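1. how would this look folded up:
(chains A and B)
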Amino acid sequence: MRLLHRQKGAIPYMLLAPGMAWLLVFFVVPMWYLAKMSLSSGLFPLFNFGWAWGNFHDAISLYKPQFVRSGQYAAIATAIALVVSYPLAYWIAFRGGRWKNLFLLLVIAPFFVTYLIRTLAWQTILSDNGVIVKTLQHVGILGSDGRLLATSAAVIAGITYNFLPFMVLPLYVSLEQVDQRLIEAAEDLYASKPRAFMRVTLPLSLPGVFAGVLLTFIPAAGDFINAQLLGTPRQYMIGNVIQSEFLAVRDYPTAAALSFVLMAAILVLVLVFARILGTERLTVSHV
Amino acid sequence: MTVHDVRLENVTKQFAEVTAVDDMSLDVESGKFYAFLGPSGCGKTTTLRMIGGFEEPTEGTIYLGDRTVTGLPPYKRDVNTVFQSYALFPHLTVFENVAFGLRRRGVKKQLLRGQVDEMLRIVGLEGYGGRRPKQLSGGQQQRVALARALVNRPRVLLLDEPLGALDLKLRKEMQLELKRIQHEMGFTFIHVTHDQEEAMTMADRIVVMNRGRIEQLGDPAELYERPRTAFVASFLGVSNLLPGVVAGPELVRLESGQELRVAAGVLNGHTGAVSVGIRPEKVRIGGDGANRLAGQIVERAYVGVSTQYVVKTDVGQVSVYVQGAGAHVPGEQLQLSFDPESAFVVSRSEEDRP
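-> Just a heads-up that it's a prediction; the model follows:
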């Protein structure tokens, strides 16, 4: 009896163990290694730990433009994704009817193709001889030698496209949970349809907005594929710098310090964002 | 002259193949408590939703006061609804829930605070303004829903089976409470329910509905004492219906050949096949009623306030309720009687409708 009791007490820990082990091996250990590396000095392959705080100073002062650009591109892409996704998610949730699942499948369909291939496809779509560029040149929006590829617009478009499903899905989930009877109640209480949306639907979907913005902004800020394939070094983001520091320059300490600065910057932004949206609102579930 | 708050004129609502409301006309008198009573699918909720503006009639016209509101959205109608599920806004406090309608109509801040507090006091939720709906019990949420609708002082308050989710004791309390509030405020209430006891307890006027039509409209006593159709007779309480044919101005001949007397005027407009209805509590064992039936007790159930017998007669089984603990036992042969004045008559073609 007592044995059984003791075993029961151990079961939650046993269930936790695989996940904890995974985190320890693949998150804590690499982070520890990376932290140590960010404070080391020396040349590849010999780096010595020595509280080299100068790495952080160098990282920030040398690559400030890329940091700022990463934040800007990610913010613009997130904003566009939100504006595009909200009506889409709203429409699927409220008007999708029995085709809901099909529409959701269409939203995630691009995931069946590798990220890299999808971005390469965008290279073709935006290429100088492509239909889009030719059309835009024809109607005069682009000059005769104007191009889309290798511009900021191309990189932002690529990021928006690649992370759009991460915005649509949480928005859909939170909108789907909004009780239609609440909207009827709002209309019963003299709110026109737009007002009912502003006062009821929108506030109740904020948890989805919050989740979608984080899920889009965080990977977008660290992305390097879009800038590399659709841009030039003039569009490079901090991800490109970290990638080349690690793989080309092999200056591991600088790369590690850059990674930590990026992480810290994102963490601060997330906390500020959570404050603005209000955590209390986000914990209110819809019953 | 009576004032009408709601008027339905030949209103029909068609959903694809189904006719939910079938050519219904009704005048709702101002300041009265109405109950729409009927089984599920009888069209009572659809009618309520059409008055509220959530459904548009396929045909016919709806008036609020003198104004045609057919085609107007809910937010342009001077009615408010207490929803079955309460539909309280989970992201707003109790105060903000109640203030919602006032704010949409641009009521000044100073006035608004007083009106909301006053309404919370009326429904017994003083001091609960800062809570969230989720922090309240079912009964309290119900009161918030009521306050949220009433604070707007609508011409008509619509209640869509709002007591359905409450337990029996709370339900009884809320029934009396709603009646009190209706008296206090003097608005017209239209309450939808499938519970005949609830309708009888609360309403001044009951509209009995069946398959999209009004079966009968009247005050509770009228409907109970003089149901006009077999449906009303069996939906409101229990009735014994004895089939027969009209045999004279105050006489019905049963299938057994026996004749029963009914009160003068009850047979007006009836010919041919009818049923004589009699409530179980109006039938006496023995007694000197003018109408007599002989039979044998087949079942006996003691339920505290009364003893319920089922008696087999040659015109069918008859339920009899006797006050207190009855002394008769199954198998016993006995004589039943009832007064002609207690009996009512319904047409049998009505009863035979599927």
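
2. residue B:102 sits in which helix or strand?
-> Under the criterion of DSSP states H and E, residue B:102 resides in helix B:94-104.

3. list the helices and strands that helix packs on?
-> On a contact count with 3 or more Cβ pairs under 8 Å, 6 or more residues apart in numbering or on different chains; DSSP states H and E, helix B:94-104 meets helix B:109-122, helix B:138-150. The C-beta positions use only the backbone N, C-alpha and C, and glycine is treated the same way.

4. CA atoms of the helix or strand just after the last one as PDB?
-> So that's helix B:138-150. Per DSSP H and E, the first helix or strand lying C-terminal to helix B:138-150 is strand B:156-160. Provided in PDB are the C-alpha atoms of strand B:156-160 (Å, rounded to 0.1, in the frame of the first residue of the first chain):
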ATOM      1  CA  VAL B 156     -40.300  45.100 -24.000                       C
ATOM      2  CA  LEU B 157     -38.000  42.700 -22.200                       C
ATOM      3  CA  LEU B 158     -37.500  39.300 -23.900                       C
ATOM      4  CA  LEU B 159     -36.500  36.300 -21.800                       C
ATOM      5  CA  ASP B 160     -35.400  33.200 -23.700                       C
END
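
5. what angle do the helix or strand following strand B:156-160 and helix B:138-150 make?
-> As assigned by DSSP H and E, the chain's next helix or strand after strand B:156-160 is helix B:168-185. Going by axes from the mean of the first three to the mean of the last three Cα atoms, to 10 degrees, helix B:168-185 is angled at 20 degrees with respect to helix B:138-150.

6. state the mean pLDDT of helix B:168-185.
-> Averaged over helix B:168-185, pLDDT sits at 89.

7. repeat that for stretch A:261-281.
-> On average, stretch A:261-281 scores 83.

8. ok, residues contacting it?
-> For stretch A:261-281, contacts defined as Cβ atoms under 8 Å, 6 or more residues apart in numbering or on different chains pick out A:56, A:59-60, A:67, A:70-71, A:203, A:206-207, A:209-210, A:213-214, A:217-218, A:221-222, A:238, A:242, A:282, B:91.

9. now the stretch 1-150 of chain A against chain B: closest residue?
-> residue A:97 (14.8 Å; Cβ to the nearest Cβ).

10. return the distance of stretch A:261-275 from the chain's centre.
-> Computed by Cα atoms, centre = their mean, to the nearest Å, the chain-centroid distance of stretch A:261-275 equals 13 Å.

11. then stretch A:196-215?
-> The chain centroid and the centroid of stretch A:196-215 are separated by 17 Å under Cα atoms, centre = their mean.

12. contacts for that stretch?
-> Residues contacting stretch A:196-215 (Cβ under 8 Å, 6+ apart): A:78, A:81-82, A:85-86, A:89-90, A:163, A:166-175, A:177-178, A:182-183, A:185-187, A:191, A:270, A:273-274, A:277, A:281-282, A:286, B:89-91, B:100.

13. and if you look at stretch A:176-191?
-> Under the contact criterion Cβ under 8 Å, 6+ apart, stretch A:176-191 has outside partners A:93-94, A:193, A:195-197, A:199-201, A:204-205, A:286, B:52-54, B:73-75, B:79-81, B:83, B:85, B:87-90, B:100-101, B:104-105, B:148-149, B:152.

14. poorly predicted segments of the stretch 1-150 of chain A, please.
-> Within the stretch 1-150 of chain A, the ranges that satisfy pLDDT under 70 run A:1-7.

15. same check, this time on the stretch 51-200 of chain B
-> Using pLDDT under 70, the stretch 51-200 of chain B has no residue that qualifies.

16. and it, which residues reach chain A?
-> Residues of the stretch 51-200 of chain B lying close to chain A by Cβ under 8 Å from any Cβ of the partner chain are B:52-54, B:73-75, B:79-81, B:83, B:85, B:87-91, B:100-101, B:104-105, B:132-134, B:148-149, B:152.

17. so which of these belong to helices?
-> Cross-referencing those against helices under DSSP state H gives B:52, B:100-101, B:104, B:148-149.

18. can I get those residues in JSON lines with neighbour count?
-> Shown next, in JSON lines, are these (neighbours: other Cβ atoms under 10 Å in any protein chain shown):
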{"residue": "B:52", "neighbour count": "22"}
{"residue": "B:100", "neighbour count": "25"}
{"residue": "B:101", "neighbour count": "24"}
{"residue": "B:104", "neighbour count": "19"}
{"residue": "B:148", "neighbour count": "31"}
{"residue": "B:149", "neighbour count": "26"}
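
19. what parts of the stretch 201-350 of chain B come near chain A?
-> So the stretch 201-350 of chain B never meets chain A (Cβ under 8 Å from any Cβ).

20. tell me the contacts of the nearest residue to residue B:88 once chain neighbours are set aside?
-> Residue nearest to residue B:88 in three dimensions, not counting chain neighbours: residue B:133, with 4.0 Å by Cβ to Cβ, 6 or more residues apart in numbering or on different chains. Going by Cβ under 8 Å, 6+ apart, residue B:133 touches A:287, B:86, B:88-90, B:94, B:97, B:141, B:144.

21. helices of the stretch 151-287 of chain A, residue ranges please.
-> Counting by DSSP state H, counting those that start in this stretch, one finds helices in the stretch 151-287 of chain A at the ranges A:152-176, A:180-188, A:193-196, A:202-221, A:225-230, A:238-244, A:252-277, A:279-283.

22. okay, those in a markdown table with mean neighbour count and distance to residue B:260 next?
-> Formatted as a markdown table, these follow (neighbours: other Cβ atoms under 10 Å in any protein chain shown; distance: least, Cβ to Cβ, whole Å):
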| stretch | mean neighbour count | distance to residue B:260 |
| --- | --- | --- |
| helix A:152-176 | 22 | 62 |
| helix A:180-188 | 22 | 51 |
| helix A:193-196 | 15 | 60 |
| helix A:202-221 | 21 | 63 |
| helix A:225-230 | 23 | 92 |
| helix A:238-244 | 22 | 95 |
| helix A:252-277 | 17 | 76 |
| helix A:279-283 | 11 | 70 |
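
23. dump these to TSV, plus distance to residue A:103.
-> Putting these into TSV (distance: least, Cβ to Cβ, whole Å) gives the following:
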stretch	distance to residue A:103
helix A:152-176	9
helix A:180-188	18
helix A:193-196	22
helix A:202-221	16
helix A:225-230	26
helix A:238-244	32
helix A:252-277	27
helix A:279-283	26
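
24. those helices: which one's closest to residue B:163?
-> Closest to residue B:163 of the helices of the stretch 151-287 of chain A, according to Cβ to Cβ: helix A:180-188, at 17.0 Å.

25. rewinding a little: buried subset of the residues of the stretch 51-200 of chain B next to chain A, written for PyMOL?
-> To isolate the buried ones among these in PyMOL, judged by 16 or more other Cβ atoms under 10 Å in any protein chain shown, type:
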select buried, chain B and resi 52+53+54+74+75+79+80+81+83+85+87+88+89+90+91+100+101+104+132+133+148+149+152
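
26. tell me which parts of the stretch 51-200 of chain A are close to chain B?
-> Checking the stretch 51-200 of chain A against chain B by Cβ under 8 Å from any Cβ, the hits are A:179, A:181-182, A:184-193, A:195, A:199-200.

27. again, only using 10 Å
-> For the stretch 51-200 of chain A, the contact set with chain B under Cβ under 10 Å from any Cβ of the partner chain comprises A:178-193, A:195-196, A:199-200.

28. and residue A:163, how far from residue B:268?
-> Distance, residue A:163 to residue B:268, by Cβ to Cβ, to the nearest Å: 79 Å.

29. repeat for residue B:25
-> 23 Å.

30. so the two - more neighbours on which side?
-> Counted by other Cβ atoms under 10 Å in any protein chain shown, residue B:25 and residue B:268 do not tie: residue B:25 has more neighbours, with 12 against 8.

31. what's the angle between whatever helix or strand residue B:25 lives in and strand B:156-160?
-> If you go by DSSP H and E, residue B:25 is part of strand B:18-29. Here strand B:18-29 runs at an angle of 140 degrees relative to strand B:156-160 (the same axes, to 10 degrees).

32. name the next helix or strand following strand B:18-29 along the chain.
-> Counting by DSSP H and E, what follows strand B:18-29 is strand B:33-37.

33. what pairs with that following strand, parallel or antiparallel?
-> strand B:188-193 (parallel), strand B:205-210 (parallel) (DSSP bridges).
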